[in-house]
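# Any chance you can model this:
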Amino acid sequence: GHYARVAKTGYTGEPLGYEVYVRSADAAWLWNRLVEMGARPAGLGARDTLRMEAAMPLYGHELNDERTPKESGIGFFCKMDKPDFIGKAAIEAKGAPTIKRVGLKITGRGIAREHCDVYVKGEKVGTVTSGTHCPFIGQAIAMAYLPKELSEVGQQVQIDVRGRMIDAEVVKLPFYKKPAKA
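Numbers count the residues shown, from 1 in each chain. Modelled structure (predicted):
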């Protein structure tokens with residue numbers, strides 16, 4: 001007697017993610033029923049930590065009106081060989097990317113957060129878009145945009161966290177990928 005729309009999607013990097021959409025009048029019923037069946041609720045902070053581990057870009061953080069899909073590392077979603085689509089001209093006009101979204105493993109003490117500046121040899125070169133401590137991998141991580149020439153894995157950087165410089169290193173994305181089942 002309750003209607004729902006279920007999408008095999010999700011924003012945690014898990015291969016079996018689902019999103020369930022119901023009318024607001026049915027939300028409490030659905031929540032209670034899922035918990036009765038054994039679901040373990042998690043909040044937005046937990047979802048954000050999981051999406052960070054999976055290196056999934058989030059609009060307002062890694063994605064915005066100024067970043068092209070190519071810069072963001074999701075250029076495979078835009079088939080530039082199509083005759084036309086909304087935004088194609090803007091992507092073409094911006095030209096080849098000069099920046100790249102990278103993963104940062106924090107090697108010093110601290111947690112980088114959104115808007116922290118990233119430095120190489122004392123020069124500001126980028127900005128953190130998301131950062132947190134991931135309990136599952138036991139590591140503080142961040143995503144940032146850096147110039148392409150400074151985006152190689154192993155590049156050493158420093159991040160200004162409230163006036164204190166902490167060390168970090170460019171690492172391959174994603175930070176964590178669930179192993180395939182044997």
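# For Lys100, name its beta-bridge partners.
Beta-bridge partners for Lys100, by DSSP bridges, are Leu146.
# tell me the pLDDT at it?
As predicted, Lys100 sits at a pLDDT of 96.
# repeat for Ala182
pLDDT for Ala182: 60.
# Mind jotting down where the strands sit in this structure?
When secondary structure is read from DSSP state E, the chain shows strands at 4-7, 19-22, 99-106, 117-120, 123-134, 139-147, 156-161, 164-171.
# Check which helices and strands the second one sits against.
Meaning strand 19-22. With contacts taken as 3 or more Cβ pairs under 8 Å, 6 or more residues apart in numbering; DSSP states H and E, strand 19-22 sits against strand 4-7. Quick note: C-beta positions are derived from backbone N, CA and C, even for glycine.
# quick check: mean pLDDT across the strand it packs on?
Rounded mean pLDDT across strand 4-7 is 92.
# Listing partners with orientation, what would you give for that strand?
Its sheet considered, strand 4-7 pairs with strand 19-22 (antiparallel) by DSSP bridges.
# returning to that earlier point: would you reformat the strands of the chain as TSV and include mean neighbour count and distance to Met56?
Listed next are the strands of the chain as TSV, based on neighbours: other Cβ atoms under 10 Å; distance: least, Cβ to Cβ, whole Å:
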stretch	mean neighbour count	distance to Met56
strand 4-7	10	16
strand 19-22	13	14
strand 99-106	22	11
strand 117-120	18	20
strand 123-134	18	10
strand 139-147	22	10
strand 156-161	20	21
strand 164-171	18	16
